[in-house]
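Asks: I would like to see how this sequence folds:
(chains A and B)
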Amino acid sequence: MQAPGPGEGWLRRAARYIHVAEDALLIGLLGAMILIGASQIFMRNVLGEGLGWADESQRLLVLWIGMLGAMAASRSGRQLRIDLVSRYLQGLVRRLIESLADLLTAFVSGVIGWYALAFIRESYAYGDELVAGIPAWLIQGILPVAFAVIALRHLLAAIAALSGRREIVVPGA
Amino acid sequence: MTAALVLGLLALLGVPLFVVIAAGALWGYHQSGIDLQAIAIEIFGVAEMPILAAIPLFTFAGYLISEGGAPARLVRLSRVLLGWMPGGLAVISLVSCAIFTAFTGASGVTIIALGALLYPALRQAGYPENFTLGLVTTSGSLGLLFAPSLPLILYGVVAKVSIDDLFVAGILPGTLMLVLLAGWSFWVNRDSRQPKGDFSWAEARAALWASRWEIPLPFVVLGGIYSGYFAVSEAAAVTALYVLVMEMLVLREIPWTRLPEVMRESMVLVGAILLILGVSLASTNYMIDAGVPQMLFGLVSQYVTGPTTFLWLLLAFLLVLGAILDIFSAIVLVVPLLLPVADAYGVNPVHLGIVFLAAMQLGYLTPPVGLNLFIASYRFDKSITHIYLATLPFLLILLAAVVVITFWPALSLVLLG
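Replies: Below you'll find the predicted structure:
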């Protein structure tokens, strides 16, 4: 890691804190999923009665873990793709194609994030509840957040590639 | 049609697949006047499939188990049990890689974790360089058809087929691949004199003792699933907890500071897969509503008269698909469209799954994007072309196996009764 330049110190630090928080949440949720899954089997087979909320919470954990994992994949440019360009092209052409791909990714993710926001606003208005009385919009809220973060990460990757810089640091991306 | 071509081109240019799929779904919604909010509702569908919990749990267990000493112990154990046979070391490589891949989800980790142990051992025992490279590269995706491999689970989720049935159906076709490759290894090395290992009871006891914590794992997982004691996602939770306790508390091979990194790394792959799955739920539902499977069937039925011709066409299609698309994206994207067409030709969905995965397995070994070729090239510091040529004989044998698996449905279905 290079030393922060003047004026970039707090940006870098903020970005690092956000990454750490994101990772901690991802790791914590995976740990919860393992524990809930294993205790559910124990309860059902030994005590004869499973936890009522366990199955639903596992399903919602899958969504959150998936979305946080997808955000992490965008952070390091590891979304699944057909990887011909980076293997067979070099130089300016490669950089142009890669940044266009990033721009398109940012645009489409932004669109999904926008409509996901509309979706949870409706859900909020209806006052739906999911597991254990938690409001549905809170759990569904991971969708607009994740797609916004993914959009931002690819936008920055595109700008970085076009301007020839290795990275652009912005908190949260 | 134009939209499909543009999307295909974007995919080839390296636009992430989830973007290509989502763009297709959004375009389709827009054309039919559906509110674009529908895409968020469809993606939320990821939270409505109980079986999906198996994917993060098995992936994490696989990543964690490849971090510690398990790969070395697996090789040691198979060496004791199989090393006395002629060509034993080649068979050891095939068997241990198949087991390892089944448990670690065919993400290329097998070549990295086991290849590094097997390659020098095979060379030292006098196997030719190209044979060794080809063997190790091929072995990296060999266990795909064995439970509890991730692609089998994902196929079950997407095709809405019983995962337990798929686990049983994969046994014989997977074994066929192993047997054919082992036969080839014997044949190539029939004249060379590798030192045959002597069977030693003392070493067998020591190797078994060293692996005492790993040995129960397949029995717990597979026994639990096959006996109906656990559901697949429960078996995944047990596996994850078992591996976690074994590696971190009992064997203590992995430092605690490393654990968060392994958890995060494994979830990057899971996130990438689930994101594609989420947007595919949207595009698939749209395509089914728009009658795309019927159009495909109409198109295919102009050229294809019976099931046999259909299977040949299917095979050719899957080989091309496997050469450009990774197995997870291919399952999520193509299976929903393929199922109704295959069904119209009387292909059993469980058999279709085995054919699909067996054919996609070849995609790991074919240019231009074969994952194993690139990992092996990087790992063993040889050119892609070199690795590809070394792998070619193995590829042809696997191709023969895939043809057998395709045209002999009983091989997949007989154990299902």
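Asks: which phi and psi does residue B:170 have?
Replies: Main-chain dihedrals, residue B:170, degrees, to the nearest 10: phi -80, psi -20.
Asks: how deep is it tucked in, by neighbour count?
Replies: 28 (other Cβ atoms under 10 Å in any protein chain shown). Where you see a C-beta, it was placed from the backbone N, CA and C, and this is true even at glycine.
Asks: hang on, it packs against residue B:152?
Replies: Yes: shown here, residue B:170 and residue B:152 form a contact pair, counting by Cβ atoms under 8 Å, at 6.1 Å.
Asks: which residues do the two both contact?
Replies: With contacts defined as Cβ atoms under 8 Å, 6 or more residues apart in numbering or on different chains, the residues shared by residue B:170 and residue B:152 are B:144-145, B:357.
Asks: Which part of chain A gets nearest to chain B, residue-wise?
Replies: In chain A, the residue that lies nearest chain B is residue A:69 (2.1 Å; Cβ to the nearest Cβ).
Asks: How about that residue, nearest residue that isn't a chain neighbour?
Replies: Distances taken as Cβ to Cβ, 6 or more residues apart in numbering or on different chains put residue B:271 closest to residue A:69, at 2.1 Å, once the chain neighbours are dropped.
Asks: do residue B:79 as well
Replies: The shortest distance from residue B:79 to any non-neighbouring residue, by Cβ to Cβ, 6+ apart, is to residue B:92 (5.5 Å).
Asks: next one: residue B:65
Replies: Using Cβ to Cβ, 6+ apart and skipping the chain neighbours, the partner closest in space to residue B:65 is residue B:243 (5.3 Å).
Asks: Next: residue A:76.
Replies: Nearest non-adjacent residue to residue A:76, counting by Cβ to Cβ, 6+ apart: residue B:268, 7.2 Å away.
Asks: ok, now residue B:354?
Replies: Residue nearest to residue B:354 in three dimensions, not counting chain neighbours: residue B:412, with 4.4 Å by Cβ to Cβ, 6+ apart.
Asks: hang on, the residue nearest to residue A:69 packs against residue A:62?
Replies: No: between residue B:271 and residue A:62 no contact is recorded; they are 10.8 Å apart, counting by Cβ under 8 Å.
Asks: returning to what we had before: rounded mean pLDDT for the helix or strand containing the residue nearest to residue B:354, please.
Replies: According to DSSP states H and E, residue B:412 maps onto helix B:409-413. For helix B:409-413, mean pLDDT rounds to 95.
Asks: so who does residue B:369 touch?
Replies: Neighbouring residues of residue B:369 by Cβ under 8 Å, 6+ apart: A:82-84, A:87, B:323-326, B:363.
Asks: what's the helix or strand for it?
Replies: Counting by DSSP H and E, residue B:369 is part of no helix or strand.
Asks: now the chain, which segments are flagged as low pLDDT?
Replies: Defaulting to chain A. In the predicted model, chain A carries pLDDT under 70 at residues A:1-8, A:165-173.
Asks: that answer is for a different chain, and I need it for chain B
Replies: Those would be B:105-107, B:192-198, if you go by pLDDT under 70 across chain B.
Asks: residue nearest the centroid of chain A?
Replies: The residue lying closest to the centre of chain A (Cα atoms, centre = their mean) is residue A:71, at 2.5 Å.
Asks: wait, is it part of a strand?
Replies: No: using DSSP: H, G, I helix; E, B strand; the rest coil, the assignment for residue A:71 is helix, not a strand.
Asks: surely residue A:32 meets residue A:61?
Replies: Yes: if you go by Cβ under 8 Å, residue A:32 and residue A:61 touch, sitting 6.5 Å apart.
Asks: Compare those two (neighbour count), which wins?
Replies: residue A:61 (22 against 15).
Asks: ok, now which ones touch residue 24?
Replies: All of this refers to chain A. Contacts of residue A:24 by Cβ under 8 Å, 6+ apart: none found.
Asks: that answer is for a different chain, and I need it for chain B
Replies: Here residue B:24 is in contact with B:3-4, B:7, B:283, B:286 (Cβ under 8 Å, 6+ apart).
Asks: what helix or strand is it on?
Replies: Per DSSP H and E: helix B:17-31 holds residue B:24.
Asks: hmm, the helix or strand just after that helix touching chain A?
Replies: Later in the chain than helix B:17-31, the nearest helix or strand by DSSP H and E is helix B:38-44. Yes: Helix B:38-44 lies within reach of chain A by Cβ under 8 Å from any Cβ of the partner chain, at B:39-41, B:43-44.
Asks: Mark which of the residues you listed are buried, thanks.
Replies: B:39-41, B:43-44 (16 or more other Cβ atoms under 10 Å in any protein chain shown).
Asks: Relative to chain A, which of those is nearest.
Replies: Distances from chain A to those, taken by Cβ to the nearest Cβ, are shortest for residue B:40, at 3.9 Å.
Asks: Wait, the closest one touches residue A:114, no?
Replies: No: using Cβ under 8 Å, residue B:40 makes no contact with residue A:114, being 9.4 Å away.
Asks: which residues do the two both contact?
Replies: residue A:144.
Asks: ok, which stretches of chain A are helices?
Replies: Taking DSSP state H as the criterion, chain A carries its helices at A:9-42, A:54-75, A:85-88, A:91-126, A:136-140, A:142-163.
Asks: which parts of the helix holding residue B:24 are buried?
Replies: Buried residues in helix B:17-31, counted by 16+ other Cβ under 10 Å: B:17-29.
Asks: Which members of the shared contacts of residue B:170 and residue B:152 are positioned in helices?
Replies: Reading helices off those with DSSP H, I get residue B:357.
Asks: Nothing else from me, thank you.
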